[in-house]
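S.K.: Quick one, structure for this:
(one chain, ligands or ions: 1)
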Amino acid sequence: MRWPGQGVTACGVGEREWAPLAGACWYPVDLEAKGAIEVTRWREGRRETRRVIVARYPYAEQRLKVPDTMVDLSPSDQARVARENARIVPLWRLEGPARFALPLAAPLADLVPHGRFGARRVFNGKPKSPHGGEDYRAAPGTPVLAPADGVVALAEAHFFAGNGVYLDHGGGLVTMLFHLSRIDVEAGQQVRRGQVVGAVGATGRVTGPHLHFGARWHGARVDPALLLAAHPAVADLP
Ligand SMILES: [Zn+2]
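M.R.: Next comes the predicted model:
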């Protein structure tokens with residue numbers, strides 16, 4: 001959601017506060033958010049609020065077959081996933097000066113979508129967490145590009161994501177590029193929009209080679225395809 005208005009100096013939801021982007025407050029809504037959300041902005045020294053009701057979106061179901069060891073994790077794999085989560089979760093709190101503008105650049109020269117954001121995924125007959133990104137079909141080895149300027153927050157191999165790159169673009173936006181065959185950047189490195197950060201692969205929990213592209217904005221899992229659109233389908237608050 002976007003709340004346009006002159007003279008906006010800060011935006012927020014709950015305890016969290018951030019700077020406006022291109023003069024407006026943006027309120028990304030998480031994939032699994034539902035019910036009432038109170039959004040805030042500061043304008044000409046005054047705090048203004050709006051209450052927004054988020055309804056459930058009818059995401060499709062996706063049934064996938066992968067090796068059983070990727071669904072029923074061994075104790076050592078469970079411990080590995082917990083260690084990896086401990087490295088990832090702090091990234092969702094990152095804020096700072098925005099180094100991106102919308103729309104973002106596409107992470108592949110040729111985008112062929114094949115996995116939908118938000119799909120309720122059933123792996124080997126067992127319901128698992130919803131799909132937090134978009135999947136794009138591409139041949140192994142296809143260059144994967146940074147969608148905006150930023151700094152590499154993490155570049156490493158994880159159990160589910162395989163070889164993954166997390167980019168911090170400032171402004172509370174972190175993008176993710178998963179299942180890479182190789183990683184061409186390292187943590188702490190500055191990247192430019194369009195720079196090659198790795199190549200398409202089939203590492204992690206996958207059914208075949210593809211690029212998983214994800215985005216967290218102010219901590220919320222949002223559909224990255226919306227951030228690529230020239231005129232994103234964004235609701236403006238009155
Ligand atoms: Zn995916």
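
S.K.: Return the set of buried residues in the lowest-mean-pLDDT helix or strand in the chain.
M.R.: Across the helices and strands of the chain, mean confidence by mean pLDDT, DSSP states H and E is lowest for strand 113-115: a mean of 77. Residues of strand 113-115 classed as buried by neighbour count (16 or more other Cβ atoms under 10 Å): residue 115. No exception for glycine: its C-beta is placed from N, CA and C like everyone else's.

S.K.: And the next helix or strand past that strand?
M.R.: Downstream of strand 113-115, the first helix or strand assigned by DSSP states H and E is strand 120-123.

S.K.: Measure how far stretch 139-149 is from the centre of its chain, please.
M.R.: 15 Å (Cα atoms, centre = their mean, to the nearest Å).

S.K.: mind checking the end-to-end distance for it?
M.R.: Stretch 139-149 has its terminal residues 25 Å apart, counting by Cα to Cα, to the nearest Å.

S.K.: quick revisit: who are the neighbours of the least confident helix or strand of the chain, in terms of helices and strands?
M.R.: strand 133-137, strand 210-217 (3 or more Cβ pairs under 8 Å, 6 or more residues apart in numbering; DSSP states H and E).

S.K.: partners of that strand, with directions?
M.R.: strand 133-137 (antiparallel) (DSSP bridges).

S.K.: Go ahead and name everything in contact with the helix or strand just after the partner strand.
M.R.: As assigned by DSSP H and E, the chain's next helix or strand after strand 133-137 is strand 143-145. For strand 143-145, the external contacting residues (Cβ atoms under 8 Å, 6 or more residues apart in numbering) are 105-109, 165, 177, 180, 194-200, 211.

S.K.: try 6 Å
M.R.: For strand 143-145, the external contacting residues (Cβ atoms under 6 Å, 6 or more residues apart in numbering) are 107, 177, 194, 196, 197, 198, 199, 211.

S.K.: Mind putting those into CSV with pLDDT, neighbour count and distance to residue 51?
M.R.: As requested, the contacts of strand 143-145 are exported to CSV (pLDDT from 0 to 100; neighbours: other Cβ atoms under 10 Å; distance: Cβ to Cβ, whole Å):
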residue, pLDDT, neighbour count, distance to residue 51
107, 98, 27, 35
177, 98, 28, 36
194, 98, 15, 40
196, 98, 12, 44
197, 98, 23, 40
198, 98, 23, 42
199, 98, 20, 46
211, 97, 26, 38
